[in-house]
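S.K.: Quick one: sequence and predicted model below, then my questions.
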Amino acid sequence: MTRQNVVVSEMKNNVATVSQKPPPVPGNYVGVTERQTLKDLDINGGVRISSWVDSMRASSPTHLNSIPSLSHHLSIFQRPSALDMFEQIIKASKGKQIVMFLDYDGTLSPIVDDPDQAFMSESMRRTVRKVARYFPTAIVSGRCRDKVYGFVKLAELYYAGSHGMDIKAPAKGSKFLKGSQGVLFQPASEFLPMMDEVYSTLLEKTKTILGAKLEHNRFCVSVHFRCVDEKKWTELAHEVRSVLNEYPKLRLTQGRKVLEIRPTIKWDKGKALEFLLESLGLANCTDVFPVYIGDDRTDEDAFKVLRDREQGFGILVSKFAKETNASYYLQEPSEVMNFLQRLVKWRRLSLRRQLRRL
């Protein structure tokens with residue numbers, strides 16, 4: 001049975017589980033402990049709405065009450081920088097097929113107040129295009145697939161939108177394209193009418209909360225509270241929970257100043273990574289080297305998959321200390337671009353050396 005058939009079979013249970021505590025990581029890493037979604041925390045009314053607000057506050061890394069002490073803040077820099085360790089990374093990938101997985105917001109583009117204005121720079125676009133010439137490359141985002149494609153505008157990439165619940169292969173121009181073109185996989189298609197209902201209901205319930213912005217990401221509804229006064233967070237949490245309580249097949253997760261409602265299926269960015277490797281014919285290969293770069297909590301599922309597979313590595317994009325399953329860090333999108341440019345340069349030089357030997 002292929003990996004694709006296995007994950008389809010798993011999802012028929014339609015139940016989301018709390019991730020297990022991962023194995024320890026050697027060195028000065030901080031491992032992610034057992035995590036729960038906000039809805040998991042709220043079952044049977046066991047936790048007050050204030051816990052939701054505390055969680056919302058914790059998702060704001062620059063919030064005064066959540067900034068770690070100086071010693072804790074600096075602990076992230078005890079872990080290796082992907083730029084400083086570039087040569088060692090290349091050495092580890094020797095003789096293997098590098099596959100690139102890239103988050104969008106906060107990774108390829110800066111975090112901005114208005115999510116509709118999260119444009120990537122032309123220099124970043126050129127860099128990603130060059131990366132895709134040498135390595136299979138996928139964008140894995142919580143955004144609607146069409147929306148993130150509208151930002152990136154590169155047809156030769158794989159796109160996994162809605163946290164990997166809407167996957168599409170390159171339309172053209174990719175020498176790594178395997179199988180048929182078009183949509184590869186939509187494991188939550190039966191939830192589309194439900195997500196439309198939730199979006200419409202929440203739009204009405206939150207219209208009086210200044211700064212709240214809803215985003216319909218097709219298989220996920222995002223409630224952005226970056227521009228909401230903190231005094232209104234409790235009211236916003238109440239409204240979101242009141243809607244969520246009407247849909248037992250949906251769950252709430254969190255990102256950077258965003259609450260996200262999505263189906264309770266066993267699917268996340270880590271599952272999407274595995275599915276894409278399967279689609280490329282690389283799932284069971286020992287000579288594959290996946291690299292995943294992301295900045296958000298939802299990227300941890302992909303980081304953990306790479307750790308469990310003991311293949312490739314994850315890179316966390318952050319200026320602040322965070323618990324993570326990633327192996328390296330980069331501080332901001334400009335460093336991501338620097339890393340990708342070095343990767344392209346290395347690959348070009350490597351190919352030239354191979355040609356000289358012929």
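M.R.: Yep, that arrived. This structure is a prediction, so every number in the text was calculated from the model and none was measured.
S.K.: So Ile167: helix, strand or coil?
M.R.: strand (DSSP: H, G, I helix; E, B strand; the rest coil).
S.K.: Likewise for the one 3 residues further on?
M.R.: When classified by three-state DSSP, Pro170 comes out as coil.
S.K.: If you drop the residues flanking it in sequence, what lies closest to the residue nearest the centre of the chain?
M.R.: Centroid check for the chain by CA atoms, centre = their mean gives Asp299 as the closest residue, at 3.6 Å. Spatial nearest neighbour of Asp299, chain neighbours left out: Asp103 (5.5 Å); criterion: CB to CB, 6 or more residues apart in numbering. Using the backbone N, CA and C atoms, a C-beta is placed for each residue, glycine as well.
S.K.: Can you give me the neighbour number for the one you found?
M.R.: 26 (other CB atoms under 10 Å).
S.K.: which residue packs closest to Leu316, ignoring adjacent ones?
M.R.: With CB to CB, 6+ apart as the criterion, Leu316 has its nearest non-adjacent residue at 3.8 Å, and that residue is Ala326.
S.K.: cool, and Thr234?
M.R.: Counting by CB to CB, 6+ apart, Thr234 lies nearest to Val53, which is 5.4 Å off, once chain neighbours are set aside.
S.K.: can I assume that neighbour is in contact with Ala237?
M.R.: Yes - look at Val53 against Ala237 with CB atoms under 8 Å: they come within range, at 5.7 Å.
S.K.: The two: which is more packed in?
M.R.: Under the criterion of other CB under 10 Å, the comparison of Val53 against Ala237 puts Ala237 first, with 22 against 17.
S.K.: Can you point out the helix or strand that includes that one?
M.R.: Using DSSP states H and E, Ala237 sits within helix 233-244.
S.K.: and the angle from the helix or strand that comes right after that helix to helix 233-244?
M.R.: Per DSSP H and E, helix 233-244 leads on to strand 250-255 as the next helix or strand towards the C-terminus. In terms of direction (axes from the mean of the first three to the mean of the last three CA atoms, to 10 degrees), strand 250-255 departs from helix 233-244 by 150 degrees.
S.K.: Next, the contact list for the residue nearest to the centre of the chain, please.
M.R.: 103, 140, 269, 292, 314, 316, 326 (CB atoms under 8 Å, 6 or more residues apart in numbering).
S.K.: Next, the buried residues of stretch 148-166.
M.R.: Buried residues in stretch 148-166, counted by 16 or more other CB atoms under 10 Å: 148-149, 151-152, 154, 156-166.
S.K.: do stretch 347-358 as well
M.R.: Across stretch 347-358, burial judged by 16+ other CB under 10 Å covers Arg347.
S.K.: Sitting in helices, which of the buried residues of stretch 148-166 do you find?
M.R.: 148-149, 151-152 (DSSP state H).
S.K.: from those, which two are the most distant?
M.R.: Greatest spacing in those, by CB to CB: Tyr149 and Phe151 (7.3 Å).
S.K.: For the stretch 251-358 of the chain, which segments are assigned as helices?
M.R.: Counting by DSSP state H, counting those that start in this stretch, the stretch 251-358 of the chain has helices at residues 269-279, 300-309, 333-357.
S.K.: between those, which one is nearest to Arg57?
M.R.: Nearest of these to Arg57, taken as CB to CB: helix 300-309 at 19.1 Å.
S.K.: Who are the packing partners of that closest one?
M.R.: Packing partners of helix 300-309 (3 or more CB pairs under 8 Å, 6 or more residues apart in numbering; DSSP states H and E): helix 269-279, strand 288-294, strand 313-317.
S.K.: try 6 Å
M.R.: Packing contacts for helix 300-309, counted by 3 or more CB pairs under 6 Å, 6 or more residues apart in numbering; DSSP states H and E, involve helix 269-279, strand 313-317.
S.K.: where's Pro290 relative to Leu306, distance?
M.R.: Look at Pro290 and Leu306: by CB to CB, to the nearest Å, they are 6 Å apart.
S.K.: Please identify which of the two sits among more neighbours.
M.R.: Counted by other CB under 10 Å, Pro290 and Leu306 do not tie: Pro290 has more neighbours, with 26 against 22.
S.K.: Surely Glu239 and Lys205 touch.
M.R.: Yes - at 4.4 Å, Glu239 and Lys205 qualify as touching, with contact defined as CB atoms under 6 Å.
S.K.: ok, the two, which is more surrounded?
M.R.: A count of neighbours by other CB under 10 Å puts Glu239 above the other of Glu239 and Lys205, at 20 against 17.
S.K.: Next up, the contacts around that one.
M.R.: Going by CB atoms under 6 Å, 6 or more residues apart in numbering, Glu239 touches 205-206.
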